[in-house]
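J.: sharing a model prediction with you, sequence too.
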Amino acid sequence: MHILVLNGPNLNLLGVREPEHYGTQTLADLTAMIEAEAADMGITVECRQTNHEGDLVDWIQSAYGTADGIVINPAAYTHTSIAIFDAVNGVKVPTVEVHITDPDTREPFRRVSYIRPACIATVKGKGFAGYLEAMHILADRMK
Ligand code: CA2
C-alpha cells in the first residue's frame, strides 16, 4: 500500500511561527513521524508540501493509478478551493482531510471546508497525531 501525504500553504513554517496554534515541531519532524509510522505499518509513503494551489491539484491527479490513498492538509485552501475538491472528486483515490487544529473552533471563515464532501473522513484538532490516524483510516479501508 502506498499513501501520498500532501501539505498546503504555510505549513513549511511549522515550528517557526505561531507555536500557540501549531506547536514547536517542524515540517521535517512531521515528515519523520509519518515515515516512521509508515515503516511500522509496512506501507510506503511520500510527503510533499507546497504553497501553490495548482501543485496540489497536479499531485492529487498524479495519485490516480500510483497511490492507494491520499492524506491532505490543504491548509487555507480548505476554505477556498473548488479546484482541490474537483481534483479529489475526479481521481476517486480515497482521501482523508487532516487539520492540526480544529478549524471549527477558530475564526468563522475557517468553518467551511470545500474538500470535505470529497473525502472519506476528516481528522481535526489532534496535532501531528492526526496524520497518523488518517493513515490508519486509509489502511483499515484497504483490509
Ligand atoms: O489546522 C490546520 O492544520 C489548518 O489546516 C492550518 C492552516 C489553516 O489555514 C487552516 O484553517 C487550519 C494554516 C497553516 C499555516 O501554518 C502555519 C504554521 C506555522 C506558522 C504559520 C502558519
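T.: Right, received. Where do you want to start? Numbers count the residues shown, from 1 in each chain.

J.: Asp29 is in contact with Val16, isn't it?
T.: No - under the criterion of CB atoms under 8 Å, Asp29 makes no contact with Val16, lying 11.7 Å away. From N, CA and C alone the C-beta is placed, and that goes for glycine too.

J.: so how far is stretch 128-142 from its chain's centroid?
T.: 11 Å (CA atoms, centre = their mean, to the nearest Å).

J.: could you pull out the buried residues of that stretch?
T.: Judged by neighbour count using 16 or more other CB atoms under 10 Å, the buried positions of stretch 128-142 are 128, 130-132, 134-135, 137-139.

J.: go through those residues and name the one nearest the ligand.
T.: Closest approach between the buried residues of stretch 128-142 and the ligand, by CB to the nearest ligand atom: Gly130, at 8.1 Å.

J.: with adjacent residues omitted, what lies nearest to the closest one?
T.: Nearest non-adjacent residue to Gly130, counting by CB to CB, 6 or more residues apart in numbering: Val123, 4.2 Å away.

J.: equivalent analysis for Ala75, please.
T.: Leaving aside its sequence neighbours, Ala75 sits nearest to Gly8 (CB to CB, 6+ apart; 3.5 Å).

J.: burial count for that neighbour?
T.: Close neighbours of Gly8, defined as other CB atoms under 10 Å, add up to 22.

J.: could you do Ala121 as well?
T.: 15.

J.: surely it meets Val98?
T.: No - counting by CB under 8 Å, Ala121 does not reach Val98; the two are 9.3 Å apart.

J.: shared neighbours of these two, which are they?
T.: When CB atoms under 8 Å, 6 or more residues apart in numbering defines a contact, the residues bordering Ala121 and Val98 alike are Ala134.

J.: quick one: Gly54 is in a strand?
T.: No - secondary structure of Gly54 (DSSP: H, G, I helix; E, B strand; the rest coil): helix, not part of a strand.

J.: three-state assignment of the nearest residue to it once chain neighbours are set aside?
T.: Using CB to CB, 6+ apart and skipping residues adjacent in sequence, the residue nearest Gly54 is Ala83, 7.8 Å away. Classification of Ala83 by three-state DSSP places it in helix.
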